[in-house]
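Participant: mind folding the following:
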Amino acid sequence: MFDMHSHILYGVDDGPRTIEQSVGLLKQAATEGITHIFSTSHATHPMFHANSKVVIEQVSSLQQHIHDLGLALTIHAGHEIRATDKIVEHLLTGHVLSLADSRYILLELPSDTVPLYTKKMVVQLIAAGFVPIIAHPERNKGIAEKPSKLEELVHEGAVAQITAGSLSGHFGKSTQKLALDLVKANLVHVYGSDVHNDTTRPFLYKAGLAYLEKQKQLDTIDMLLENNARIIENKEFIFCEPQRMSSKKWWNILAR
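Facilitator: Okay, the predicted model is just below:
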């Protein structure tokens, strides 16, 4: 299985601080059944920016560590890129990294809003040959208040990533409910842990999938895991075209 969102590099953002902590998380990844993990340290974030060269070097070093431990786990380099008007330029110059050198990028919006320039940014990325994956939309306040904002971005060509901890209830019942609503509306397309540590931000990879299974979302599980694998191969995603929903219809969904 593939985990396409993780913070496993040490000393570069709000993830592990030491190599020992990084290796500990990678051991846990193996116990979760993960065979491929995307390293997506923060980039162009107000508080963090993991240098691309450092990311590539650490990925190589940690890969050797887990090989020596006999773990069947492959690490792929990437970034969780904070939205910026220079994002295309940063990608083309290597200042920030796409996922496993594919067309797919993990795009982080500010936690409390969907900026007015987001739709234009998505259009620019698509025109430049990239596909933005909106990171954890279920934890964005602007999307929580008006989920049709995510639908508009998907309509422009973006896709979205749901988080294991959100589905498992780690971030609370309201986030869990929104996560399931986005799943049912076919507005999320890939699955990641967004792991940072083994306490407050653990993997919960199996727990999130178990919740979807309990909710009888078996087709969604297949789609999410298949699309995760398609990132490596740089293939187009499989997904159902989301229905256009009015604000009133969204309000009814979230109020039920």
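Participant: okay, helices next: where are they in the stretch 1-150 of the chain?
Facilitator: 19-31, 52-68, 87-93, 118-127, 141-145, 148-155 (DSSP state H, counting those that start in this stretch).
Participant: got TSV for those helices, with mean pLDDT and mean neighbour count too?
Facilitator: For every residue, glycine as well, the C-beta is placed using N, CA and C. Shown next, in TSV, are the helices of the stretch 1-150 of the chain (pLDDT from 0 to 100; neighbours: other Cβ atoms under 10 Å):
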stretch	mean pLDDT	mean neighbour count
helix 19-31	97	18
helix 52-68	97	16
helix 87-93	97	16
helix 118-127	97	17
helix 141-145	97	17
helix 148-155	96	20
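Participant: dump the ones you listed to CSV, plus distance to Ala135.
Facilitator: CSV is the format used below for those (distance: least, Cβ to Cβ, whole Å):
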stretch, distance to Ala135
helix 19-31, 18
helix 52-68, 17
helix 87-93, 13
helix 118-127, 13
helix 141-145, 11
helix 148-155, 12
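Participant: nearest to Pro46, out of the ones you listed?
Facilitator: Taking Cβ to Cβ, helix 87-93 is the member of these nearest to Pro46, at 14.8 Å.
Participant: what sits up against the closest one?
Facilitator: Residues outside helix 87-93 that contact it (Cβ atoms under 8 Å, 6 or more residues apart in numbering) are 43-44, 81, 84, 95-96, 98, 105, 107, 121, 124-125, 128, 130.
Participant: which ChimeraX command selects the buried ones in those?
Facilitator: Remark: buried members of those, expressed as a ChimeraX selection using 16 or more other Cβ atoms under 10 Å:
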select :43,44,81,84,95,96,98,105,107,121,125,130
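Participant: rank the contacts of helix 87-93 by pLDDT and give me only the lowest.
Facilitator: Of all these, Thr84 has the smallest pLDDT value, namely 93.
Participant: point out the one among the helices of the stretch 1-150 of the chain that comes closest to Gln176.
Facilitator: helix 141-145 (11.9 Å).
Participant: how about Glu236, what does it touch?
Facilitator: Arg230.
Participant: my bad, Thr118
Facilitator: Contacts of Thr118 by Cβ under 8 Å, 6+ apart are 83, 109, 153.
Participant: ok, back up a step: now the contacts of helix 87-93 in TSV, with distance to Asn140?
Facilitator: Formatted as TSV, those follow (distance: Cβ to Cβ, whole Å):
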residue	distance to Asn140
Ala43	18
Thr44	17
Ile81	15
Thr84	17
His95	24
Val96	20
Ser98	22
Ile105	17
Leu107	11
Met121	15
Gln124	20
Leu125	18
Ala128	24
Phe130	20
